[in-house]
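In: can't give you the sequence, but here's the structure:
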């Protein structure tokens with residue numbers, strides 16, 4: 001987007017937002033936030049945090065492949081992985097804004113504390129909260145994993161490629 005500033009200068013302005021998370025697994029709620037962010041920002045980088053201390057259902061490579069597949073048709077979305085502090089990663093890739101999704105007041109409390117921590121680590125980073133679309137209000141990766149583990153139906157909660165991987169992981173079919 002070109003911005004004409006006072007004095008006649010013409011600058012190209014690119015606004016990149018980071019959407020960090022563990023995405024274990026990516027849900028339709030995540031995808032909804034990514035799509036909405038892609039309409040607001042010039043570039044969206046979905047960043048998977050590679051925390052070796054956290055026990056994940058899917059490997060970092062599997063989660064990255066899921067996200068690349070489900071965002072392949074969104075031209076301004078890129079998927080990345082980091083094992084660094086997200087504010088360090090943001091600086092490295094030139095992002096000034098971080099997006100966080102919130103479902104409920106309890107999410108907001110946690111996300112607000114996390115935002116304040118990141119802000120104390122890098123005062124230049126801005127954190128934006130985007131509410132979850134109401135139809136994904138109860139969709140949470142941990143709930144999806146538990147439902148799938150118990151052979152519950154997760155259709156509509158996750159993209160088809162993730163649903164198939166969950167069924168394979170837990171050894172069942174419809």
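Out: Great, that's in hand. Computed from a predicted structure; not experimentally measured.

In: The spatially most central residue of the chain: what's it in contact with?
Out: The geometric centre of the chain, computed from its C-alpha atoms, lies nearest to residue 19 (C-alpha atoms, centre = their mean), at 4.2 Å. Residues in contact with residue 19, defined by C-beta atoms under 8 Å, 6 or more residues apart in numbering, are 33, 34, 37, 44, 45, 46, 47, 98, 99, 101. Any C-beta I mention is one placed from the backbone N, CA and C, and that applies to glycine too.

In: And it, how close does it get to residue 89?
Out: Note on residue 19: its distance to residue 89, by C-beta to C-beta, to the nearest Å, is 12 Å.

In: Equivalent analysis for residue 71, please.
Out: Using C-beta to C-beta, one obtains 18 Å as the distance from residue 71 to residue 89.

In: where do the strands sit along this protein?
Out: Here the chain has its strands, by DSSP state E, at 2-4, 10-12, 16-21, 43-49, 77-82, 97-102, 126-131.

In: so residue 129 touches residue 97, yeah?
Out: No. In terms of C-beta atoms under 8 Å, residue 129 does not count as a neighbour of residue 97; the distance is 11.3 Å.

In: For the strands of the chain, give me JSON lines that also has mean pLDDT and distance to residue 59.
Out: Output for the strands of the chain, formatted as JSON lines (pLDDT from 0 to 100; distance: least, C-beta to C-beta, whole Å):
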{"stretch": "strand 2-4", "mean pLDDT": "43", "distance to residue 59": "42"}
{"stretch": "strand 10-12", "mean pLDDT": "50", "distance to residue 59": "38"}
{"stretch": "strand 16-21", "mean pLDDT": "96", "distance to residue 59": "16"}
{"stretch": "strand 43-49", "mean pLDDT": "97", "distance to residue 59": "10"}
{"stretch": "strand 77-82", "mean pLDDT": "97", "distance to residue 59": "11"}
{"stretch": "strand 97-102", "mean pLDDT": "94", "distance to residue 59": "23"}
{"stretch": "strand 126-131", "mean pLDDT": "94", "distance to residue 59": "27"}
